[in-house]
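Student: fold the following for me, if possible:
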Amino acid sequence: MRTMTEQIRLSFPHNPAYVSSARLTASGIANRINFDIDEIEDIKTAVSEACTYIIRRSAGAKGNFELCLVPSTDSITVEITAEDSGKNQHTNEEMSLMMIKALVDEFTITKGKKQISINMLKKHTKTVFD
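Tutor: This next block holds a predicted model:
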């Protein structure tokens with residue numbers, strides 16, 4: 001069951017100093033919906049990598065990057081969007097994307113003419129004891 005009733009949207013300057021604020025926000029929301037500590041660490045790391053990737057891709061762009069978090073009963077959806085300057089300033093771009101893919105359950109990156117967006121979904125892992 002994935003009822004998505006709440007949506008948290010934040011806007012941050014294109015500055016790496018604000019990545020920790022995005023991580024902290026994602027961590028707090030994930031904790032509120034009862035993710036365990038390992039899942040929260042995965043979410044924080046994925047958000048950090050995605051924000052850093054977006055900031056580097058939008059170098060020189062005007063405006064801010066947007067963080068949208070959608071918590072549900074069994075998952076959290078994270079979307080990070082910004083203007084895409086078309087500049088690839090990250091020499092290890094593929095490594096960042098591979099890390100994100102390893103940390104979340106679903107991952108997509110969309111590159112439009114003037115915008116770039118990373119979408120991630122992290123589901124609760126259920127431990128079943130017999």
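Student: now the residue nearest to residue 9 when sequence neighbours are not counted, which residues is it bridged with?
Tutor: Closest residue to residue 9 apart from its sequence neighbours, by C-beta to C-beta, 6 or more residues apart in numbering: residue 68 at 5.0 Å. Using the backbone N, CA and C atoms, a C-beta is placed for each residue, glycine as well. The residues listed as beta-bridge partners of residue 68 by DSSP bridges are residue 9, residue 79.
Student: how about residue 111?
Tutor: Beta-bridge partners, per DSSP bridges, of residue 111: residue 116.
Student: so what touches the helix-or-strand element of the chain with minimal mean pLDDT?
Tutor: The weakest-scoring helix or strand in the chain, judged by mean pLDDT, DSSP states H and E, is helix 93-103 (a mean of 89). Residues outside helix 93-103 that contact it (C-beta atoms under 8 Å, 6 or more residues apart in numbering) are 42-43, 45-46, 49-50, 52-53, 56, 90, 107, 109, 118, 120, 122.
Student: which stretches of this protein form helices?
Tutor: All helices of the chain, identified by DSSP state H, fall at 19-32, 37-57, 93-103.
Student: could you find the closest non-adjacent residue to the residue with the shortest distance to the centre of the chain?
Tutor: Nearest to the centroid of the C-alpha atoms of the chain, with distances taken as C-alpha atoms, centre = their mean, sits residue 47, at 3.7 Å. Leaving aside its chain neighbours, residue 47 sits nearest to residue 26 (4.5 Å; criterion: C-beta to C-beta, 6+ apart).
Student: can you count the residues close to the one you found?
Tutor: Look at residue 26: counted by other C-beta atoms under 10 Å, it has 28 neighbours.
Student: so who does the residue nearest to the centre of the chain touch?
Tutor: Applying C-beta under 8 Å, 6+ apart to residue 47 gives the contacts 22-23, 26, 67, 78, 80, 120.
Student: now with 10 Å, please.
Tutor: By C-beta atoms under 10 Å, 6 or more residues apart in numbering, residue 47 lies in contact with 19, 22-27, 30, 67, 69, 78, 80, 100, 103-104, 118, 120, 122.
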